[in-house]
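Colleague: A structural model of the following input is requested.
(one chain, ligands or ions: 2)
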Amino acid sequence: MKLDLSEIALNLGKRISYEIDEPPIEDPEMGIRCTKPITGKVTFTNAGRHIVMRGRINTTIEVECARCLGPYLIELKDLPLEEELPLVGHVPEIIEDEEVLEDENEPLFVENILDFTELLRQTIEVTVPIKALCSEECKGLCPHCGKDLNTGPCGCPPDTETTAFGELASLLKEDEQQSEG
Ligand SMILES: [Zn+2]
Ligand SMILES: [Zn+2]
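Modeller: Ligands and ions are numbered 1, 2, ... in the order given. Take a look at the predicted model:
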């Protein structure tokens, strides 16, 4: 959704609230898949040099567990939306000592039109954990057969005995037994 904020941009002190109800965002490249619409509320206020955006959003995203690679859901509740959208034409003549804006991607706010969907996407993106685990106790996949160990043990021998030394030791044992017999 693109929001036309012209009315706010042209009126100092103007404040408008929106109820957010956006369709789920899917961005496989960034590992984002919302399973629910994005809802919430946002307020835009013309603060002179910029429009202050404040709001909260709710949705549920599906992410992949770093251990078992299984999908699981993270509920995002009251995720804060905070942004200051610079107003063109309201830049003071004397440039004050302001923080230099970090290299941002494409501007989301151009000619009073806000790319709201992209803003939501970016907001959700930064909350997606890099190493997400479906649970702290996730047992992950068996390194040998690949079975999801959360669903039960696989047929592989326990890890401690499958080290190179362990295998060697068991081979030697078999040899001894054979030579004895
Ligand atoms: Zn897992
Ligand atoms: Zn296994």
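
Colleague: Please work out which helix or strand belonging to the chain has the smallest mean pLDDT.
Modeller: helix 164-180 (a mean of 56; mean pLDDT, DSSP states H and E).

Colleague: what domains does the record give for this structure?
Modeller: With automatic domain parsing as the criterion, the domains of the chain are listed as 2-125, 149-180.

Colleague: just the helices in this structure please.
Modeller: Counting by DSSP state H, the chain has these helices, from start to end: 6-9, 116-125, 164-180.

Colleague: Can you give me the neighbour number for the residue lying closest to residue 149 once chain neighbours are set aside?
Modeller: With sequence-adjacent residues excluded and distances taken as CB to CB, 6 or more residues apart in numbering, residue 149 is closest to residue 139, at 3.8 Å. From N, CA and C alone the C-beta is placed, and that goes for glycine too. Using other CB atoms under 10 Å as the criterion, residue 139 is surrounded by 15 other residues.

Colleague: Tell me which residues touch residue 74, please.
Modeller: The contact partners of residue 74, by CB atoms under 8 Å, 6 or more residues apart in numbering, come to 60-63, 128-129, 132.

Colleague: partners of it in the sheet?
Modeller: In this structure, residue 74 bridges to residue 61 when assessed by DSSP bridges.

Colleague: Then residue 52?
Modeller: When bridges are assigned using DSSP bridges, the partners listed for residue 52 are residue 45, residue 84.

Colleague: I'd say it and residue 84 touch.
Modeller: Yes: Residue 52 lies in contact with residue 84 (CB atoms under 8 Å); the separation is 5.8 Å.

Colleague: Who has more neighbours out of those two?
Modeller: When residue 52 and residue 84 are compared for neighbours, residue 52 comes out ahead with 17 against 13, by other CB under 10 Å.

Colleague: Per-residue confidence, that one, what does it come out as?
Modeller: We note a pLDDT of 97 for residue 52 in this prediction.

Colleague: residue contacts, the nearest residue to residue 77 once chain neighbours are set aside?
Modeller: Sequence neighbours aside, residue 58 is the residue nearest to residue 77 in space, at 5.6 Å (criterion: CB to CB, 6+ apart). The neighbourhood of residue 58, defined by CB under 8 Å, 6+ apart, consists of 36, 38-40, 75-79.
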